[in-house]
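Novice: Provided below are the primary sequence and the corresponding predicted coordinates.
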Amino acid sequence: MSIFRTRTTLSRSAATAAAAALLVAGLAACGEGAQGSGGDGEVKVGLITKTDTNPFFVKMAQGAKQAAKANGAELSTAAGKFDGDNEGQVTAIENMVAAGVDGILITPNDSKAIVPAIKAARAKGVLVIALDSPTEPRDGTDALFATDNFKAGELIGAYAKARMKGKQARIATLDLAPGVAVGKLRHDGFLKGYGIKAGDKSIVCSQDTQGDQSKGQAAMENCLQKAPDINVVYTINEPAALGAYTALKAKGRAKDTLIVSVDGGCTGVKSVKAGKIAATSQQYPLKMAADGVKAVVEHAEDDKKVSGYHDTGVTLVTDHPAAGSGAAKDSKYGLDNCWG
Amino acid sequence: MSTTAAPPNASPPARNAHTAEPTGATAALRRFAATPTAGPAVALLVAGLFFTLQSDRFLSGGNLALVIQQVMVVGTLALGQTLIILTAGIDLSCGAIMAFGGIVMAKLAADGTLPPLVAIAAGIGVCTLFGAANGALVTFVRLPPFIVTLGMLNIAFALTHIYSDEQTVTDLPGALTWLGETFPMGRTDISYGSVLTIALFLFFAYVLGQTAWGKHVYALGNSPEVARLTGIRTTRLRLAVFTVAGFIYGIAALLLVSRTGVGDPKAGQTDNLDSITAVVLGGTSLFGGRGLVLGTLLGALIVGVFRNGLQLMGVGSIYQTLITGGLVIIAVTVDQISRRRTR
């Protein structure tokens, strides 16, 4: 009996070991592929995104990969496990520093909480650039490559103003969440572009959506209950805009309501083309990452160090330009340059 | 292993001592192979060897110390989880409880409501209370642990966000971040938190393996009915296990705060499943009554070594998740096959 038991457990350990060996052998194959031409003279760049799943970050990783290839650099990527995962990003920074990267590009999940880990990496001579969202304080990283979110809001604000010329506006704002800088910047930019101040009586409803389509729909439904005559809807991003459109359509109000948004994702631009969204401010995640990779390579090879804020540009995309709304591109241009 | 036939107070280490005949090196090897920790230990060594061959940066004191530092939070949660799983329970709320405890201690200390050490005690106390509440609902109301802790997961998550007002707490006093600091050992910097984590594991390895209380935990997991009939006060024991687990989550909360240097209301959202992953990889059976806490430490280290090693090789994080999934399936399969064979 006792021998039997021992033998079973022996074979169990053997099975585990064999399974582990198999897995590792499989890894070896995929590891070679991932390393590619990984020689030691190459510049190493790490890209850490908020998550692995959001199309915005997928596009970002794609831009980084292309730029790394063009500049002869080696790219490794990592991401938080969920939106808001700070510890996962801390771990990724530590592991990339251990891997000997020359620079790290990061979209912080938590603008404050990530700062100590970035500080430790910079102390070891690693160049750190924030992409898309700044750290708090902003000088937590060497540089920031991002959309001017205030300007993105301003563009659609001015556009809405031009379209509404002569009509009394009843505005709903579908915002992001309390305490998130991006949401506040776009909102404030929209108001400036429209030429009104916070608390203006034309703003009849403001709700948070977390940038989520179903929450955007619920928020719009509630706003319509409160003020059925809403005719301008500012939305934090395109999913929220599509949620708002669904709610407006159900009430038969889709045709006579102007929806404006920010992002320039492919689904969003298609909605501009289909007339669901009147205009959107398009941003360029691919460019953020590509410029970031270039900056790391220049730093490693020529000792040129970037600093401060670099605007990666924003474009108003609409098929119904209005007089006095400023320069705009049509949905064809938008689709050629969209992400996701 | 036909554990049901064994007397209820026989824990695996005790049984192994009986089964192996002491005849030199092969006997020692067999005795090792007979422990549920053998599989994970071998897997960890194989993985370590592989990454050493793949990256010249892997096998250094600094890097290995880093891996331990990276697994200390989930590893400590998994220690509490192991206690509960040994009684054939499960805890889905551990990460959320830890996040709440962390934000409580960070906030109380940062705004000066309480002296730092008292704030830490308050945070750990809150976690212990949550553990006790889980235990009370499981024992007195006789609800399944899965449901109770699913509910508690949501409650703790919501309380974290309400209490923190969604704000990350920064500028913490030194007492809360001290465990994240390092001291030099030779040329390697070790964090105090790593030392605390390993000490906790050794302590609970002793408690479970060498004390009557530990043997009762195994007995309860093997068969609550038999355990009760042999005179173990199973209700009190189960309540104690959940409460002790809550206390351990409180320690994990302190480790979390010290590691990131902030009170983070969004922390720990996947840590419940990550802790179960570590327990399963460590060879502990989800059916209760079989497993060792040191296996859980190995399980946590396996995840950490893969994450670190793959990053050193330049493999993206989504593949790390893919591989962790594969490892879990392998570990559970091995557990199942060995159970079937012994029947």
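Specialist: Thanks, I have it.
Novice: I'd like the next helix or strand past the strand or helix carrying B:P40.
Specialist: Element membership for B:P40 (DSSP states H and E) is helix B:38-54. Using DSSP H and E, the next helix or strand after helix B:38-54 towards the C-terminus is helix B:61-86.
Novice: mind listing what's buried in that next one?
Specialist: B:63-86 (16 or more other C-beta atoms under 10 Å in any protein chain shown). Every residue, glycine included, has its C-beta placed from N, CA and C.
Novice: Is chain A within reach of the helix or strand that it is followed by?
Specialist: Of the helices and strands lying after helix B:61-86 in sequence (DSSP H and E), the nearest is helix B:94-110. No: applying C-beta under 8 Å from any C-beta of the partner chain, one finds helix B:94-110 separated from chain A by no less than 10.5 Å.
Novice: list the contacts for A:S325?
Specialist: A:158-159, A:161-163, A:316, A:318 (C-beta atoms under 8 Å, 6 or more residues apart in numbering or on different chains).
Novice: separation between it and chain B?
Specialist: 35 Å (C-beta to the nearest C-beta, to the nearest Å).
Novice: Now that residue. Nearest residue, chain neighbours left out?
Specialist: A:A162 (3.8 Å; C-beta to C-beta, 6 or more residues apart in numbering or on different chains).
Novice: And that neighbour, what's its pLDDT?
Specialist: A:A162 carries a pLDDT score of 95 in this model.
Novice: Name all residues that make contact with it.
Specialist: Applying C-beta under 8 Å, 6+ apart, the residues near A:A162 are A:322-325.
Novice: Filter these down to the buried ones and hand me the ChimeraX line.
Specialist: Listed next is the ChimeraX selection for buried residues among the contacts of A:A162, using 16+ other C-beta under 10 Å:
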select /A:322,325
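Novice: Among the contacts of A:A162, name the ones in strands.
Specialist: Among the contacts of A:A162, no member falls in strands (DSSP state E).
Novice: Surely A:E301 and A:N71 touch.
Specialist: No: the pair A:E301 and A:N71 fails to qualify as a contact (C-beta atoms under 8 Å) at a distance of 9.0 Å.
Novice: Between the two, tell me which one has more neighbours.
Specialist: A:N71 (19 against 13; other C-beta atoms under 10 Å in any protein chain shown).
Novice: How much space separates the residue nearest to the more buried one when sequence neighbours are not counted from chain B?
Specialist: Closest residue in space to A:N71, ignoring its immediate chain neighbours: A:V297 at 4.6 Å, by C-beta to C-beta, 6+ apart. To chain B, A:V297 is 16 Å away according to C-beta to the nearest C-beta.
Novice: isn't A:V297 right next to A:E42, touching?
Specialist: No: judged on C-beta under 8 Å, A:V297 makes no contact with A:E42 at a distance of 9.6 Å.
Novice: quick revisit: restricted to helices, list the contacts of A:S325.
Specialist: A:158-159, A:161-163 (DSSP state H).
Novice: what about the helices in the stretch 151-300 of chain A?
Specialist: Remark: helices assigned in the stretch 151-300 of chain A by DSSP state H, counting those that start in this stretch are A:181-194, A:213-226, A:238-250, A:266-273, A:285-302.
Novice: can you pull the buried residues of stretch A:71-79?
Specialist: By neighbour count with 16+ other C-beta under 10 Å, stretch A:71-79 contains the buried residues A:71, A:73-79.
Novice: is it possible to export the residues you listed to TSV including pLDDT and secondary structure?
Specialist: Below are these laid out as TSV (pLDDT from 0 to 100; DSSP: H, G, I helix; E, B strand; the rest coil):
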residue	pLDDT	secondary structure
A:N71	93	coil
A:A73	95	strand
A:E74	94	strand
A:L75	95	strand
A:S76	94	strand
A:T77	94	strand
A:A78	95	strand
A:A79	94	strand
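Novice: Reformat these as a markdown table; add distance to A:E154.
Specialist: Shown next, in a markdown table, are the buried residues of stretch A:71-79 (distance: C-beta to C-beta, whole Å):
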| residue | distance to A:E154 |
| --- | --- |
| A:N71 | 34 |
| A:A73 | 35 |
| A:E74 | 39 |
| A:L75 | 34 |
| A:S76 | 37 |
| A:T77 | 33 |
| A:A78 | 34 |
| A:A79 | 31 |
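Novice: and the angle for the helix or strand hosting B:V328 with helix B:38-54?
Specialist: Using DSSP H and E, the element containing B:V328 is helix B:317-342. Put simply, helix B:317-342 runs at 150 degrees to helix B:38-54, going by axes from the mean of the first three to the mean of the last three C-alpha atoms, to 10 degrees.
Novice: what's the domain layout of chain A?
Specialist: A:43-147+A:285-306, A:149-282+A:315-336 (automatic domain parsing).
Novice: Contact residues of the stretch 151-300 of chain A facing chain B?
Specialist: A:177-179.
Novice: What about these, which one has the most neighbours?
Specialist: A:A177 (16 neighbours).
Novice: what kind of secondary structure is B:G125 in?
Specialist: Three-state assignment for B:G125 (DSSP: H, G, I helix; E, B strand; the rest coil): helix.
Novice: Need the distance between the two termini of stretch A:332-340.
Specialist: With C-alpha to C-alpha, to the nearest Å as the measure, stretch A:332-340 spans 16 Å from end to end.
Novice: Rounded mean pLDDT for it, please.
Specialist: Stretch A:332-340 comes out at a mean pLDDT of 90.
Novice: where's that stretch relative to the chain centroid, distance-wise?
Specialist: 16 Å (C-alpha atoms, centre = their mean, to the nearest Å).
Novice: still on that earlier bit, quick check: the farthest pair among the ones in helices among the contacts of A:S325?
Specialist: For the ones in helices among the contacts of A:S325, the farthest-apart pair by C-beta to C-beta is A:A158 and A:R163; their separation is 9.8 Å.
Novice: residue ranges with poor pLDDT in the stretch 51-200 of chain B?
Specialist: For the stretch 51-200 of chain B, no stretch has pLDDT under 70.
Novice: Find me whatever residue is spatially closest to the closest residue to chain A within the stretch 151-300 of chain B, sequence neighbours aside.
Specialist: Closest contact between the stretch 151-300 of chain B and chain A, by C-beta to the nearest C-beta, is at B:K266 (3.6 Å). With C-beta to C-beta, 6+ apart as the criterion, B:K266 has its nearest non-adjacent residue at 3.6 Å, and that residue is A:G84.
Novice: what's the closest non-adjacent residue to the residue nearest to the spatial centre of chain A?
Specialist: The centre of chain A sits closest to A:F56, judged by C-alpha atoms, centre = their mean, with a distance of 5.0 Å. Excluding the flanking residues, the one nearest A:F56 by C-beta to C-beta, 6+ apart is A:P285, at 5.3 Å.
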